[in-house]
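# Give me coordinates for this.
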Amino acid sequence: MSIRSKVHVETRQRGIYRVPVFRSTTGFVARFTLPPRLGIPNKQQLVEEPRAEVVFGVSDPRGIRTIPKVRIDAATLEPRLGAGLGWLKNGFSVPLPSDAAGRQVSLEVNLDLMGTDRLMFLPVGAVTDVEVSSDWPHPGFVGAILPDERGVSGRGFQAHWRLSRFATGIDDAIARIRDSMSSLIPITAEGGSGAPGFLNTDLGVRFVQPVDVYQQSERAVKYGILFVFLTFVAFFLFEVLRRMAVHPIQYALCGAALALFFLLLVSLSEHLPFAAAYLVASGACVGLVAFYVGNVLRSMRRGIVFGGLLGALYGFLYVILQSEDYALLLGALLLFAALAIVMIMTRRVDWYRLSEETQSATK
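Here you go, the predicted model:
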């Protein structure tokens, strides 16, 4: 079997949400030989001559935009809606000629499909050759089998799969189907007796959105605990080094301002580019926290210094978000640097005396 698919992808928008929608033109070419009497033993008496049909499964038939063009040998046939199998209900089928048993049959199908998110194929040939090309430059190859060859550029991508029946288990699936037909055991896609195992060998491509503000915001939230922790460490250093008591409520208010940053980031990024949304959200939170800390520590100069440190943390977090390959390394270096700064700045602090002073102040 040979499958050739050309896919055009465009972005549809509703409100602030964008979704890639594809339209594919796919050609199927197959050659197969049917056994005499369609594999029915000669000892079984037949009331009428058996007929065979070719079944095409489509997970969502609403995506079939035009009537499929089917050619068997030299004849053009009209497909019928519905696959008619227990484990494959959606799609269409085409009856084979009455003289197809015992000879080789050539099949050509042209199918126009429209859908979203991904385009998948199920290889059912003894040798299946699949080629997909598209103008979408951000593919994600998914399924049980990855492509043998792929090429991705700014103008699109091209991928090629070639696999045999040994990889798909189609022979075992056909044997189970025959046993099911003779023993009247139903076939189900979920499993059980007679289930066709090749259903788990699909392959295809997913049309990935290149810039998803929700994914970027989710990554920022994952670093949120670390970010709040480092801010509290800086707050604690000011408290220890300047011998000024800071109430837990004041810590909580600063933490609330930091947590609000992530909500602002998500909401603003729905309307602005991510970089602009990050700049506005971080600037608002840095200004608020710097003003509050300046009043808590009774010095606007200290508040400005604290705001500068907080702004540097926000800048470093943005670098981590943009550096996917080095995110873990940068995060580890940030923790190491924070620990080193705390150890160096508190190396001469008498913690016993500080504890006694804190207890005396409390009394």
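
# for the stretch 151-300 of the chain, which spans come out with low pLDDT?
Residue ranges of the stretch 151-300 of the chain with pLDDT under 70: 174, 176-199, 211-212.

# Can you dump the C-alpha atoms of the helix or strand containing Phe229 in CSV for me?
When elements are assigned from DSSP states H and E, Phe229 belongs to helix 224-241. The C-alpha coordinates for helix 224-241 follow below in CSV (Å, rounded to 0.1, in the frame of the first residue of the first chain):
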residue,chain,number,x,y,z
GLY,A,224,7.0,30.0,40.9
ILE,A,225,7.8,28.3,44.2
LEU,A,226,11.5,28.8,43.6
PHE,A,227,11.0,32.4,42.7
VAL,A,228,8.9,33.1,45.8
PHE,A,229,11.5,31.3,48.0
LEU,A,230,14.4,33.4,46.6
THR,A,231,12.4,36.6,47.2
PHE,A,232,11.7,35.6,50.8
VAL,A,233,15.5,34.8,51.2
ALA,A,234,16.3,38.3,50.1
PHE,A,235,13.7,39.7,52.4
PHE,A,236,15.2,37.7,55.3
LEU,A,237,18.7,39.0,54.5
PHE,A,238,17.5,42.5,54.8
GLU,A,239,15.8,41.6,58.1
VAL,A,240,18.9,40.0,59.6
LEU,A,241,21.5,42.4,58.4
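
# Check which element follows it along the chain.
Following helix 224-241 toward the C-terminus (DSSP H and E): helix 248-269.

# Flag every buried residue along that following helix.
Across helix 248-269, burial judged by 16 or more other C-beta atoms under 10 Å covers 250-251, 254-255, 257-258, 261-262, 264-266, 268-269. For every residue, glycine as well, the C-beta is placed using N, CA and C.

# angle of it against helix 224-241?
140 degrees (axes from the mean of the first three to the mean of the last three C-alpha atoms, to 10 degrees).

# Who does the longest strand along the chain pair with, and is each partner parallel or antiparallel?
The longest strand of the chain (DSSP state E) is strand 17-33. Within its sheet, strand 17-33 is paired with strand 2-14 (antiparallel), strand 104-116 (antiparallel), according to DSSP bridges.

# Tell me the spacing between the most centrally placed residue in the chain and Arg71.
The chain has Val208 as the residue nearest its centroid, 7.1 Å off, counting by C-alpha atoms, centre = their mean. Using C-beta to C-beta, to the nearest Å, Val208 is found at 35 Å from Arg71.
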